[in-house]
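[1] Build me a model:
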Amino acid sequence: MSHQDTIQTQPSLTTTEIMTIILGCEQTLRFVQASPNYQQIEASEKFSTSNDFWTLDKKTGSRIGVNIA
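    Numbering: from 1, shown residues only. Model prediction:
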């Protein structure tokens with residue numbers, strides 16, 4: 001069996017299929033945002049839409065922030 005035989009090809013999507021997936025995701029997000037449970041979570045002081053990630057440095061006890069863009 002050659003190396004060429006073991007390579008797996010990724011399925012390719014058409015632009016229309018990709019747009020359909022994206023539109024479906026947008027609709028799902030709108031549905032979730034409209035739910036009372038989500039609105040309750042979003043109103044919480046712990047809720048954030050920030051892309052910042054915080055962790056604790058165990059040696060110093062200080063917080064380390066990273067922006068995930």
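[2] Low-confidence bits of the protein, can you list those?
    Within the chain, the stretches with pLDDT under 70 are 1-7, 51, 66-69.
[3] residue boundaries of the helices in it?
    Taking DSSP state H as the criterion, the chain contains helices spanning 3-6, 15-34, 36-43.
[4] mind putting those in CSV, distance to Thr49 included?
    Glycine gets a C-beta too; all of them are placed from N, C-alpha and C. Formatted as CSV, those follow (distance: least, C-beta to C-beta, whole Å):
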stretch, distance to Thr49
helix 3-6, 43
helix 15-34, 12
helix 36-43, 9
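[5] can you list those helices in a markdown table and add distance to Asp52 and mean neighbour count?
    Listed next are those as a markdown table, based on distance: least, C-beta to C-beta, whole Å; neighbours: other C-beta atoms under 10 Å:
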| stretch | distance to Asp52 | mean neighbour count |
| --- | --- | --- |
| helix 3-6 | 42 | 6 |
| helix 15-34 | 21 | 10 |
| helix 36-43 | 18 | 10 |
